[in-house]
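**Student:** I would like the atomic coordinates for the input below:
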Amino acid sequence: MQLYKQLIAGALVAGLVGFSAWASAGDSGYYPDYGESYDLARVTSVTPVYTDVQVRTPRTECWDQQVAYQQPTSPAGAVIGGLIGAAIGNKAGGHGRHYRRHHRGASTVAGAAVGALVGSQISRANAPVQYVTEQRCQVVDDFTTRRELIGYDVRYRYNGRDYLTRTDQHPGDKIRVRVDVSPAF
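**Tutor:** Residues are numbered from 1 along each chain as shown. Below you'll find the model as predicted:
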């Protein structure tokens, strides 16, 4: 029976100590959490913090433009120029004493090539030009600036001292703070 009374008295004392600790915390909201202690502090001001973000928006810009096209030419100018150049080259290669036949053949070929080139250029220069309206397009970037909320600068007061922190969410009237108690030596 004596042991029974001691157990009841011990339980009663433990209950009173627990109730006393709970009651002494009162309205402050002080509570232990996983080996760390937390409390609630009064928020004195909340200021939203923004950043400017540049946004790129590509768009297609088009316009009409006049374009000149030359009609295709017939090979007749090159052929006629080649024949005339060959004849001139043949005559030019015929003068001289040594290697007449060899010079005459080379001159004829060179004259034909130059004549064909000149005849083709003359034919192309005289070809009719046709103008056509074509649509041209290019991608251009438009830039705009947009403000984005990145958080809140929160000023709060705890135990007579003022503090500042940044949070992702608006904290409301109270903010949870970690309390660190260490022995004074």
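
**Student:** what number of residues are in the vicinity of residue 156?
**Tutor:** When neighbours are counted by other C-beta atoms under 10 Å, residue 156 registers 21. The C-beta positions use only the backbone N, C-alpha and C, and glycine is treated the same way.

**Student:** now residue 175
**Tutor:** So residue 175, with other C-beta under 10 Å, has 19 neighbours.

**Student:** and the one 5 residues further on, by the same measure?
**Tutor:** For residue 180, the neighbour count with other C-beta under 10 Å is 7.

**Student:** element containing the closest residue to it other than its chain neighbours?
**Tutor:** Computed as C-beta to C-beta, 6 or more residues apart in numbering, the closest residue to residue 180 that is not its neighbour in sequence is residue 37, at 7.5 Å. Assessed by DSSP states H and E, residue 37 sits inside strand 36-70.

**Student:** strand partners of that strand, parallel vs antiparallel please.
**Tutor:** Partner strands and pairing direction for strand 36-70 (DSSP bridges) are strand 31-33 (antiparallel), strand 129-158 (antiparallel), strand 174-179 (antiparallel).

**Student:** now what about the last one, what contacts it?
**Tutor:** Read that as strand 174-179. Identification of contacts with strand 174-179 by C-beta atoms under 8 Å, 6 or more residues apart in numbering yields 29-30, 36-43, 154, 156, 158, 163, 165, 167.

**Student:** just the strands paired with strand 36-70: most buried one?
**Tutor:** Mean neighbour count (mean count of other C-beta atoms under 10 Å) peaks for strand 174-179 among these, with a mean of 14.

**Student:** for the nearest residue to residue 181 once chain neighbours are set aside, grab the count of nearby residues.
**Tutor:** Leaving aside its chain neighbours, residue 181 sits nearest to residue 37 (6.8 Å; criterion: C-beta to C-beta, 6+ apart). Using other C-beta under 10 Å, residue 37 is surrounded by 14 other residues.

**Student:** report the buried residues of the strand holding residue 37.
**Tutor:** 39-41, 43, 46 (16 or more other C-beta atoms under 10 Å).

**Student:** stretch 162-177 too?
**Tutor:** So, applying 16+ other C-beta under 10 Å, buried residues of stretch 162-177: 171, 175, 177.

**Student:** picking that back up, with respect to residue 129, which of the contacts of strand 174-179 is nearest?
**Tutor:** residue 167 (71.7 Å; C-beta to C-beta).
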